[in-house]
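Colleague: got a predicted model here, sequence first, then my questions.
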Protein chains: 2
Amino acid sequence: MSVDITQPAQMKGSPIVILVEPQMAENIGTTARAMANFGLTRMRLVSPRDGWPQPDAYPSASGADASLDAATVFDSVPAAVADCHRVFATCPRPRHIVIPVRTARAAAEDLRETASRNLRSAVLFGPERAGLENEDMACADTLVRYPLNPEHMSLNLAQAVMILAYEWWTAAEPTPPRALMTNETRVATKGELEGFLNRLVGELDATGFLDNREKRPGMVRNLRHWFQRGEVTEQELRTLHGVVTELSRGRMRRGRPEREDASPPWAEGT
Amino acid sequence: MSVDITQPAQMKGSPIVILVEPQMAENIGTTARAMANFGLTRMRLVSPRDGWPQPDAYPSASGADASLDAATVFDSVPAAVADCHRVFATCPRPRHIVIPVRTARAAAEDLRETASRNLRSAVLFGPERAGLENEDMACADTLVRYPLNPEHMSLNLAQAVMILAYEWWTAAEPTPPRALMTNETRVATKGELEGFLNRLVGELDATGFLDNREKRPGMVRNLRHWFQRGEVTEQELRTLHGVVTELSRGRMRRGRPEREDASPPWAEGT
């Protein structure tokens, strides 16, 4: 299975993730996993503490082995970014460094824009605890800041990479913000809904539930509002017809019941 | 230190995270950590496999102990959501269930809107491998879908919670998408920049670098464009004045040099 063929369009021009002096091989693996979830596959390592490759990275990569296999090693940040056109550096607390700071979301838009011009981008992530040195940040043209709870700032390496990867992926996400999955059925037409509502009101009239002439218009309107709101499907409407049929049969079998029994739970307070 | 006093405004009305049948205590801890990074503190557990409390949860919570201390246990999803007004269920592959599906980002806007009306929201997350049962999802009014690389869908529990928490936090983030941190200095005025550029061009004229009458306007314009683009600070401008002074002194000491030596690297191709 060739990566070039199966690669979704969202992955085109994806930025290179550069881990600067990563300490634990396991963290390199979890980072590869987090990247893969959101379509990032290219990883570079600057002076990994324990050398590279490391078998310990693979178990935590959860199948993102190809990214680890393809990871390349450099002995300095300038060497690692030499072929890149844009370099972003992640930095939780920008200080004493005058480079534009963007949020992860805005940086992702930047990365997409850069990719659309066929330019190569990289994002620098510092070692687990210390973060990037100022010297490393001076190799970047843009800093990336994460919105974080000031009371608890403890993103680990893979999480920091994942947030950026998530924003990268989402920036090209074609999914609408809201969708109703109807699967084999479809949303009912208003005519079908009206047919059901008329039948329901007719049945309720027959039970005497709507006998209160003064309250009747409000009660019917409330019922209508509720059924309108939920985008009922054609299949659900058939079920509801069945419910009304069954309830009506029970009523007919038993004869007209006491008012208390006839009121369905949703009629309370109407 | 009271939580009520130090709580940032973004945390007001934060949704409850409900972990349904979580397996590993360690994962409950990493989830609490991920939540805390983005201002979520309220956790409920439905039938945790190994019971609750669990000392093994604390080491991986990285200081988010208060959320673990306050976590409450329920024996069913309906019991856990009984006091909530809105219930979201995370679901990587919605199927056979007709509930509106929103992206994590859109769901976060929903959660903010719900919080603004002082309504209580909860988000359901299923067990580590299996995810939520259809029965559990039927307790929700909205499904949450994560944009994910279809080739590698392996978000772990804490990561799934973190993406939602990140979106929740970011939905109220007051930080502008782009900022230049100038710290003690400030962006130079255009007048200050103009003063520097005129001086630079004067020095370059003196070296003979701009002798080519035909190319001179374009070369000067290129220089101007470059200096305009970077929002130079007042402090950097003083440094640049110093650079020009030093280079000019060298030139004066050495007398007029060969053209090759006088051309700074950025003049290449002009």
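Modeller: Structure's in. What do you need?
Colleague: now A:His241: closest residue in space that isn't a chain neighbour?
Modeller: Closest residue to A:His241 in three dimensions, ignoring its sequence neighbours and counting by Cβ to Cβ, 6 or more residues apart in numbering or on different chains: A:Phe196, at 6.1 Å. In this view, the C-beta of every residue, glycine as well, is placed from N, C-alpha and C.
Colleague: quick one, what contacts the one you found?
Modeller: A:Phe196 makes contacts with A:Phe227, A:Leu237, A:Leu240, A:His241, A:Val244, as judged by Cβ atoms under 8 Å, 6 or more residues apart in numbering or on different chains.
Colleague: burial measure for A:Asp136, as a count.
Modeller: Per other Cβ atoms under 10 Å in any protein chain shown, the neighbour tally for A:Asp136 reads 24.
Colleague: about what we covered before: any quick PyMOL command for the buried ones out of the contacts of A:Phe196?
Modeller: Restricted to the buried members of these, where burial is judged by 16 or more other Cβ atoms under 10 Å in any protein chain shown, the PyMOL selection command reads as follows:
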select buried, chain A and resi 227+237+240+244
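Colleague: just name the closest of the contacts of A:Phe196 to chain B, please.
Modeller: Closest approach to chain B among the contacts of A:Phe196 (Cβ to the nearest Cβ): A:Leu237, at 11.6 Å.
Colleague: which helix or which strand is home to the closest one?
Modeller: With elements taken from DSSP states H and E, the one containing A:Leu237 is helix A:234-254.
Colleague: give the other helices and strands that that helix contacts.
Modeller: Helix A:234-254 sits against helix A:190-207, with contacts defined as 3 or more Cβ pairs under 8 Å, 6 or more residues apart in numbering or on different chains; DSSP states H and E.
Colleague: against which helices or strands is the helix or strand following the helix it packs on packed?
Modeller: Heading C-terminal from helix A:190-207, the first helix or strand you meet, by DSSP H and E, is helix A:216-229. The criterion is 3+ Cβ pairs under 8 Å, 6+ apart, and the helices and strands that helix A:216-229 contacts are helix A:190-207.
Colleague: next, the buried residues of the helix it packs on.
Modeller: A:Glu192, A:Leu193, A:Phe196, A:Leu197, A:Leu200, A:Val201, A:Glu203, A:Leu204, A:Thr207.
Colleague: so how far is B:Ile28 from the first one?
Modeller: Using Cβ to Cβ, to the nearest Å, we find A:Glu192 at a distance of 46 Å from B:Ile28.
Colleague: the fourth one too?
Modeller: Between A:Leu197 and B:Ile28 the distance, using Cβ to Cβ, works out to 47 Å.
Colleague: so A:Glu203 touches A:Val244, yeah?
Modeller: Yes - in terms of Cβ atoms under 8 Å, A:Glu203 counts as a neighbour of A:Val244; the distance is 5.7 Å.
Colleague: shared neighbours of these two, anything?
Modeller: With the criterion set as Cβ under 8 Å, 6+ apart, the contacts of A:Glu203 and A:Val244 do not overlap.
Colleague: what bridges to A:Thr72?
Modeller: Here A:Thr72 sits in beta bridges with A:Arg44, as judged by DSSP bridges.
Colleague: which residues are contacting whichever helix or strand A:Val144 is part of?
Modeller: With elements taken from DSSP H and E, the one containing A:Val144 is strand A:142-145. Strand A:142-145 is contacted by residues A:86-92, A:94, A:97, A:99-104, A:107, A:110, A:123, A:137, A:164, B:175, B:179, B:181 when judged by Cβ under 8 Å, 6+ apart.
Colleague: where does pLDDT dip in the stretch 151-270 of chain A?
Modeller: Residues of the stretch 151-270 of chain A that meet the criterion pLDDT under 70 lie in A:174-177, A:250-270.
Colleague: got the residues of it near chain B?
Modeller: Residues of the stretch 151-270 of chain A lying close to chain B by Cβ under 8 Å from any Cβ of the partner chain are A:151-155, A:159, A:162-163, A:166, A:169-170, A:173, A:175, A:177-183, A:185, A:231, A:233, A:235-236.
Colleague: okay, and whatever residue of the stretch 1-150 of chain A ends up closest to chain B sits in which element?
Modeller: For the stretch 1-150 of chain A and chain B, the shortest gap (Cβ to the nearest Cβ) falls at A:Ala106, measuring 3.4 Å. Element membership of A:Ala106, judged by DSSP H and E, is helix A:104-116.
Colleague: next secondary structure after that helix?
Modeller: Under the assignment DSSP H and E, the closest C-terminal helix or strand after helix A:104-116 is strand A:121-125.
Colleague: which strands or helices does that following strand pack on?
Modeller: Strand A:121-125 is packed against strand A:16-20, helix A:77-81, strand A:86-90, helix A:104-116, helix A:157-170, with contacts defined by 3+ Cβ pairs under 8 Å, 6+ apart.
Colleague: who does the first one pair up with?
Modeller: Which is strand A:16-20. The pairing partners recorded for strand A:16-20 under DSSP bridges are strand A:43-46 (parallel), strand A:121-125 (parallel).
Colleague: quick check: the residue nearest to A:Ala158 when sequence neighbours are not counted vs A:Ser60, distance?
Modeller: Leaving aside its chain neighbours, A:Ala158 sits nearest to A:Thr30 (4.0 Å; criterion: Cβ to Cβ, 6+ apart). According to Cβ to Cβ, A:Thr30 and A:Ser60 sit 5 Å apart.
Colleague: quick one: which of these two has more around it?
Modeller: In terms of neighbours (other Cβ under 10 Å), A:Thr30 is the more surrounded of A:Thr30 and A:Ser60; the figures are 24 against 19.
Colleague: and that one, what's its pLDDT?
Modeller: We note a pLDDT of 96 for A:Thr30 in this prediction.
Colleague: one step back: run the chain-centre distance for the strand holding A:Val144.
Modeller: Here the centre of mass of C-alpha atoms in strand A:142-145, compared against the chain's by Cα atoms, centre = their mean, to the nearest Å, lies 22 Å away.
Colleague: which one of the strands paired with strand A:16-20 lies closest to A:Thr114?
Modeller: Checking these against A:Thr114 by Cβ to Cβ gives strand A:121-125 as the closest, at 4.9 Å.
Colleague: let me see the mean pLDDT of that closest one.
Modeller: Throughout strand A:121-125, pLDDT has a mean value of 96.
Colleague: any buried residues in the helix or strand following it, and which?
Modeller: The element immediately downstream of strand A:121-125 (helix or strand, assigned by DSSP H and E) is helix A:134-137. Using 16+ other Cβ under 10 Å as the burial criterion, the residues of helix A:134-137 that qualify are A:Asp136, A:Met137.
Colleague: helix A:134-137 vs chain B: in contact?
Modeller: No - legend: contact between helix A:134-137 and chain B by Cβ under 8 Å from any Cβ is lacking; minimum distance shown is 11.3 Å.
Colleague: what does that helix contact?
Modeller: By Cβ under 8 Å, 6+ apart, the list of residues contacting helix A:134-137 from outside reads A:Val20, A:Val77, A:Ala89, A:Cys91, A:His96, A:Ile97, A:Ile99, A:Leu124, A:Gly126, A:Leu143.
Colleague: tell me the contacts of A:Leu204?
Modeller: Taking Cβ under 8 Å, 6+ apart as the test, what A:Leu204 contacts is A:Leu210.
Colleague: what about it, distance to A:Arg216?
Modeller: With Cβ to Cβ as the criterion, A:Leu204 and A:Arg216 are 9 Å apart.
Colleague: quick check: neighbours shared by these two?
Modeller: Contact criterion Cβ under 8 Å, 6+ apart; residues shared by A:Leu204 and A:Arg216: A:Leu210.
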